[in-house]
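Student: Dropping a prediction and its sequence here:
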Amino acid sequence: MRYSQLFGKTTKIAPKEADTASHKFLVQAGYVDQLGAGIYTLLPLGWRVHEKIENIIREELDAIGAQELGMPVLHPKSLWAETGRWDKIDPPLFTLEDRHGKELALGSTHEEVIVDLVRDRISSYRELPFSLYQIQVKFRNEMRATGGLLRVREFVMKDLYSFHEDKKDLEQYFKKVVGAYKKIFSRCGVDAIVSQASGGTIGGTETYEFQVISDVGEDEIIYCPSFAKASEGKPGCHFAENKEIAKSKEGGACPVCGEKLKRAKTIEVGHVFALGTKYSEKMGATFADKDGKKKPVEMGCYGIGIGRLMATIVETSNDDKGIIWPKGVAPYDAHLVHVEDPGTESHAEQTYEKLTKAGIDVLWDDREDVSAGRKFADSDLVGIPVRLVVSAKAGDKVEWKDRDKKKTELLSVDEVVKRLKELHLRVT
Ligand SMILES: [Zn+2]
């Protein structure tokens, strides 16, 4: 992609109410554009990151046997009346009336819709278990939409629902989803802590959040710092609780291993609920078990907000110059900066063509009326993991610099291709 032709370039003007790094950088680097309070357009660069996150999620959920489908955004009031959540859910639903005076809601979650779908299609234990997910737009009538993509009113969410004949089977699948979530967040380059939480208005017997430590987070957890040891392969524990439900205190002893507990502000990037039969009982989603006895189906539901995850990645991976994308979610593999020294045009062109032909996604800053200094600053702001420079100084080689390192190296174009292909293999 030639940067001169990219729609949505960098801007020096920071958004007025930007109180988070992700809000400021995603707007300034040309990833998103704000339409209203908590309403954003994903520009071409932002859409690429969004799609990469979506595809990581798809791969990990398909790997645990989940099937993708697409459910409607418009929900009839009658369905929400069956569970009593029409005017109880928090944040409240966006509601509207059609021209016949029928009330509808813009979906904020899909338990009602999916239970309605499933109850007409299962009759026997032989049809269980199964799990279905969608990646689709959701609406939340938030009181305060702040922090850029962290708290919005319209966003794309991955929501997964699973259906089981008994609690044991639900528990087993629940563990599989927790495992898949760990892989998803790790591939997106964020350290998520699995923390016990309250079910809120979704409910359930067991509920966990995936929390990422960040000063701009609106949640708080009490956690055992020895989880870090566990991630280093040493013995450690994973005790963590949302402060809303925490029985333990900061500075107190971890109930699992005795270590001194810590407190941290966090961003919730995922939420998993073992719903049990809360929805299936109310809505009559039943099946005949092995003895022919009618039973309500056991359910789990599991969510990840894509935009919020994207913003969280930026919150935890940036410096004073801009974003530092982890390789698995970066919009492009490399950012080719052409310093417009006389006589270097054909080398820049050939480098771009060779990389592109090798299947590497390159963003080429080919602008002629922009200084080298501005191009370097833009490349730091945009945050693609590898910067390549063609200039008189680099001669017939290309200068390689990792976004998160100071060191530069001169490499031949062939070496650049080889190295980028190796990096690509490592993240996919
Ligand atoms: Zn512990």
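Tutor: Nice, I can see it.

Student: worst-scoring helix or strand of the protein, pLDDT-wise?
Tutor: Counting by mean pLDDT, DSSP states H and E, the weakest-scoring helix or strand in the chain turns out to be helix 227-231, with a mean of 56.

Student: Around the ion, pick out the residues from the stretch 201-350 of the chain.
Tutor: 224, 226, 237, 239, 254, 256-257, 259 (CB under 5 Å from the ion). Just so you know, the C-beta spots here come from the backbone N, C-alpha and C atoms, and that holds for glycine as well.

Student: who wins for most neighbours among the residues you listed?
Tutor: residue 224 (26 neighbours; other CB atoms under 10 Å).

Student: need the contact list for it.
Tutor: 236-240, 254, 256-257, 259, 261-262 (CB atoms under 8 Å, 6 or more residues apart in numbering).

Student: would you turn the residues of the stretch 201-350 of the chain next to the ion into JSON lines with distance to residue 138 and pLDDT?
Tutor: Converted to JSON lines, those look like this (distance: CB to CB, whole Å; pLDDT from 0 to 100):
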{"residue": "224", "distance to residue 138": "33", "pLDDT": "91"}
{"residue": "226", "distance to residue 138": "36", "pLDDT": "83"}
{"residue": "237", "distance to residue 138": "34", "pLDDT": "80"}
{"residue": "239", "distance to residue 138": "31", "pLDDT": "89"}
{"residue": "254", "distance to residue 138": "36", "pLDDT": "91"}
{"residue": "256", "distance to residue 138": "35", "pLDDT": "85"}
{"residue": "257", "distance to residue 138": "38", "pLDDT": "86"}
{"residue": "259", "distance to residue 138": "38", "pLDDT": "90"}
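
Student: Can you give me the buried ones in the longest strand seen in the chain?
Tutor: The longest strand of the chain (DSSP state E) is strand 262-276. Buried residues in strand 262-276, counted by 16 or more other CB atoms under 10 Å: 264, 266-276.

Student: what about the helices in the stretch 301-428 of the chain?
Tutor: 306-316, 345-357, 372-382, 413-427 (DSSP state H, counting those that start in this stretch).

Student: so of these, which one's packed in deepest?
Tutor: Comparing these by mean neighbour count (mean count of other CB atoms under 10 Å), helix 306-316 comes out on top with a mean of 25.

Student: now for that one, which elements pack on it?
Tutor: helix 21-28, helix 44-62, strand 154-164, strand 206-213, strand 262-276 (3 or more CB pairs under 8 Å, 6 or more residues apart in numbering; DSSP states H and E).

Student: average pLDDT for the second one?
Tutor: The average pLDDT for helix 44-62 rounds to 98.

Student: Mind listing what's buried along it?
Tutor: 45-46, 48-50, 52-53, 56-58, 60-61.

Student: how distant is that helix from the center of its chain?
Tutor: The chain centroid and the centroid of helix 44-62 are separated by 8 Å under CA atoms, centre = their mean, to the nearest Å.

Student: what angle sits between that helix and strand 262-276?
Tutor: Orientation note: helix 44-62 sits at an angle of 60 degrees relative to strand 262-276 (axes from the mean of the first three to the mean of the last three CA atoms, to 10 degrees).

Student: which strands and helices sit next to helix 44-62?
Tutor: Applying 3+ CB pairs under 8 Å, 6+ apart, one finds that helix 44-62 contacts strand 67-68, strand 130-139, strand 154-164, helix 167-187, helix 306-316.

Student: buried set for stretch 32-42?
Tutor: For stretch 32-42, by 16+ other CB under 10 Å, it's 32-34, 38, 40, 42.

Student: quick one on the thing from earlier: distance to residue 195 added to the helices and strands packed on helix 306-316, as JSON lines?
Tutor: Listed next are the helices and strands packed on helix 306-316 as JSON lines, based on distance: least, CB to CB, whole Å:
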{"stretch": "helix 21-28", "distance to residue 195": "21"}
{"stretch": "helix 44-62", "distance to residue 195": "20"}
{"stretch": "strand 154-164", "distance to residue 195": "19"}
{"stretch": "strand 206-213", "distance to residue 195": "5"}
{"stretch": "strand 262-276", "distance to residue 195": "8"}
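
Student: can you tell which of the ones you listed is closest to residue 423?
Tutor: helix 44-62 (14.4 Å; CB to CB).

Student: what's the domain layout of the protein?
Tutor: 3-319, 332-427 (automatic domain parsing).

Student: May I see those arranged in JSON lines, with distance to residue 325 as well?
Tutor: Formatted as JSON lines, the domains of the chain follow (distance: least, CB to CB, whole Å):
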{"stretch": "domain 3-319", "distance to residue 325": "7"}
{"stretch": "domain 332-427", "distance to residue 325": "5"}
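
Student: wait, which of those domains is closest to residue 326?
Tutor: domain 3-319 (2.7 Å).

Student: Quick one: end-to-end distance for the closest one.
Tutor: End-to-end distance for domain 3-319: 23 Å, by CA to CA, to the nearest Å.

Student: just stretch 354-371 next, same as before
Tutor: Start-to-end, stretch 354-371 (CA to CA) is 25 Å.

Student: now swap in stretch 324-333 and tell me
Tutor: This stretch, stretch 324-333, spans 12 Å end to end (CA to CA).
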